[in-house]
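Student: sequence and predicted structure below; questions after.
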Amino acid sequence: QVRLKESGGGVVQAGDSLRLSCAASGHTSTTLAMGWFRQAAGKKREFVAAVSWSGSSTYYADSVEGRFAISRDNAENTVSLQMNSLQVEDTAVYYCVADEVMVPKEDTVYDYNGQGIQVTVSS
C-alpha cells in the first residue's frame, strides 16, 4: 500500500506562484506514475499534470500548459507541481494521484489518491 500526502497549498494572489509537493510513503518500491488533479467547488475533478515513473515524460492540461511544471524525485519519493502565474480559475482542491500501470491523466479511478490540499487564488 502506498500513502500520498500533499503539502504546500495556501492562499495567494493572482499572478503569484505556489509549489505543491506530494510525498509517497509505504510500499514505494513499485514503479508509480504520478500526477495531479484538481476539483473546484461545484465542478468535476479535472486533470492538471502527470509524470511517468522515470520522469522522462510529462503531460499537462491545456489550461496550465506553460504555467505549471511537474517534476519528481524518485530518491525522495516525491512529486512536485510548480504553479506560476496563478489565476483565480486555478482555485481548487488539488489531489496527488499515483498508479502502478497508467499515467494518471484521464478521468478514472487510480490506485492511490491523496487527501487533497486547498489552493485559493484571489484577485
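Tutor: Now that the structure is in, tell me what you want to look at. Numbering: from 1, shown residues only.
Student: what's the closest non-adjacent residue to Lys76?
Tutor: If you look again at residue 76, you'll see it is Glu, not Lys. Residue nearest to Glu76 in three dimensions, not counting chain neighbours: Ala23, with 7.8 Å by C-beta to C-beta, 6 or more residues apart in numbering. From N, CA and C alone the C-beta is placed, and that goes for glycine too.
Student: OK, contacts around the one you found?
Tutor: Neighbour list for Ala23: Leu4, Lys5, Ser7, Glu76, Asn77, Thr78 [criterion: C-beta atoms under 8 Å, 6 or more residues apart in numbering].
Student: who's in contact with stretch 91-102?
Tutor: Contacts of stretch 91-102 (C-beta under 8 Å, 6+ apart): 2, 4-6, 9, 20, 22, 24, 30-41, 43, 45, 48, 79, 81, 104, 108, 110-121.
Student: convert the C-alpha atoms of it to PDB, please.
Tutor: Taking C-alpha atoms only, stretch 91-102 is exported to PDB below (Å, rounded to 0.1, in the frame of the first residue of the first chain):
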ATOM      1  CA  THR A  91      -8.600  27.900  -7.200                       C
ATOM      2  CA  ALA A  92      -9.400  24.300  -6.300                       C
ATOM      3  CA  VAL A  93      -8.600  21.300  -4.100                       C
ATOM      4  CA  TYR A  94      -5.500  19.700  -5.600                       C
ATOM      5  CA  TYR A  95      -5.100  15.900  -5.400                       C
ATOM      6  CA  CYS A  96      -2.000  13.900  -5.800                       C
ATOM      7  CA  VAL A  97      -2.600  10.500  -7.500                       C
ATOM      8  CA  ALA A  98      -0.400   7.600  -8.400                       C
ATOM      9  CA  ASP A  99      -0.900   4.400 -10.400                       C
ATOM     10  CA  GLU A 100       1.200   1.300 -10.900                       C
ATOM     11  CA  VAL A 101       0.100   0.900 -14.500                       C
ATOM     12  CA  MET A 102      -1.400   4.000 -16.100                       C
END
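Student: for the residue nearest in space to the middle of the chain, name its beta-bridge partners.
Tutor: The chain has Trp36 as the residue nearest its centroid, 2.3 Å off, counting by C-alpha atoms, centre = their mean. When bridges are called by DSSP bridges, Trp36 pairs up with Ala49, Cys96.
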